[in-house]
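> Fold the following.
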Amino acid sequence: MRLRILGIGMGLHHLTREVAEALSRSDYVVATRKGPDDQLLAVRQTVCDAYGVELVEVEDPERDRVSTGSTTADADYGRAVGDWHAARLDAFEAVLRERGGDAAFLVWGDPALYDSMIRIVGGLAERLGAEWDVLPGISAPQLLAARHRIVLHEVGQPVHVTTARRLRDDIAAGQRNLVVFLTGSLDLDDLGDWSIWWGANLGTAAEELVAGRVRDALPTLLAARERAKAAAGWVMDVYLLRAP
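Sure, this is the predicted structure:
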């Protein structure tokens with residue numbers, strides 16, 4: 001058995017040749033279904049259909065949303081996410097033991113950034129005695145920088161990659177140039193002098209882009225976020241935030 005984690009960017013048009021070849025050689029793809037109208041699963045189905053690979057659906061285990069909110073303590077958040085990942089591991093294992101063969105897991109963007117699949121598949125490989133590997137994809141920060149025609153950092157300076165729930169702590173610790181994932185809500189009113197380069201559903205037909213000073217851009221940004229969600233049925237956004 002061989003397990004393959006394949007970064008797919010935002011869909012079929014972002015597959016590298018390496019990922020495409022790995023996908024075409026897989027016996028099937030395993031993916032979770034999140035509800036009856038899972039549009040992101042539909043994109044995975046399109047990718048699989050293009051390469052003649054079967055998509056095997058697994059119902060996504062329930063996640064403790066109360067303990068993963070933006071105001072929860074880190075310990076509660078980590079415990080809730082850990083429980084969810086463990087349940088996913090068990091669900092995937094049942095499918096793999098039943099079917100055998102070589103399976104692939106398609107990951108949005110790049111598997112190295114804010115995705116759990118490397119941890120889960122590593123656990124699966126250990127349980128099953130399987131070989132496994134990871135192939136990179138086009139990441140959200142890459143797309144964000146390309147769309148806005150910017151460099152993510154200033155000359156000789158760092159860029160800090162974080163999540164919205166940690167943004168305030170990171171700013172308080174002195175970070176002044178941040179790429180922010182997992183946004184949830186956009187509570188930036190007190191950062192009016194900062195600059196923002198924002199994108200939602202990057203690389204899709206529902207893509208939206210906004211840039212400018214936060215105080216000027218925020219109303220336009222919030223409206224664009226709603227348009228992206230209405231057009232696609234979901235919204236995934238990322239932004240670069242830079243101090244004045």
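> now for the helix or strand of the chain with the lowest mean pLDDT, which elements pack on it?
Least confident helix or strand of the chain, by mean pLDDT, DSSP states H and E, is helix 74-99 with a mean of 80. The contact analysis (3 or more Cβ pairs under 8 Å, 6 or more residues apart in numbering; DSSP states H and E) places helix 74-99 against strand 28-33, strand 54-59, helix 117-128. No exception for glycine: its C-beta is placed from N, CA and C like everyone else's.
> and of those, who's closest to Arg213?
For those, distance to Arg213 was read as Cβ to Cβ. The smallest value, 36.8 Å, belongs to helix 117-128.
> Keeping just the C-alphas, turn the closest one into PDB.
What follows is helix 117-128 as a C-alpha-only set of coordinates in PDB (Å, rounded to 0.1, in the frame of the first residue of the first chain):
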ATOM      1  CA  MET A 117      -3.500  15.700   6.200                       C
ATOM      2  CA  ILE A 118       0.200  15.200   6.800                       C
ATOM      3  CA  ARG A 119      -0.300  14.400  10.400                       C
ATOM      4  CA  ILE A 120      -3.300  12.100   9.700                       C
ATOM      5  CA  VAL A 121      -1.700  10.200   6.800                       C
ATOM      6  CA  GLY A 122       1.500   9.800   8.800                       C
ATOM      7  CA  GLY A 123      -0.600   8.100  11.500                       C
ATOM      8  CA  LEU A 124      -2.300   6.000   8.900                       C
ATOM      9  CA  ALA A 125       1.000   4.900   7.400                       C
ATOM     10  CA  GLU A 126       2.300   3.800  10.800                       C
ATOM     11  CA  ARG A 127      -0.900   1.800  11.600                       C
ATOM     12  CA  LEU A 128      -1.000   0.200   8.100                       C
END
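> need the next SSE after that helix, C-terminal direction.
strand 131-135 (DSSP states H and E).
> what sits against the residue most central in space within the chain?
Most central in the chain under Cα atoms, centre = their mean is Trp108, positioned 5.2 Å from the mean C-alpha point. Shown in contact with Trp108 (Cβ atoms under 8 Å, 6 or more residues apart in numbering): 8-10, 40, 115, 137, 236.
> follow-up on the earlier one: and the least confident helix or strand of the chain with strand 54-59, angle?
Relative orientation of helix 74-99 versus strand 54-59 (axes from the mean of the first three to the mean of the last three Cα atoms, to 10 degrees): 130 degrees.
> Please list the residues outside stretch 86-103 that contact it.
Residues outside stretch 86-103 that contact it (Cβ under 8 Å, 6+ apart) are 1-4, 25-30, 32, 56, 58-62, 116, 120-121, 123-124, 127-128, 130.
> Just the buried ones from these?
Among the contacts of stretch 86-103, those that count as buried by neighbour count (16 or more other Cβ atoms under 10 Å) are 1-4, 26, 28-30, 32, 56, 60, 120-121, 123-124, 128, 130.
> Also compute the angle for the least confident helix or strand of the chain relative to strand 28-33, please.
With the same axes, to 10 degrees as the criterion, the two stretches helix 74-99 and strand 28-33 enclose an angle of 140 degrees.
> distance between helix 74-99 and the chain's centre?
On the basis of Cα atoms, centre = their mean, to the nearest Å, the separation between the geometric centre of helix 74-99 and that of its chain is 17 Å.
> Many thanks, have a good one.
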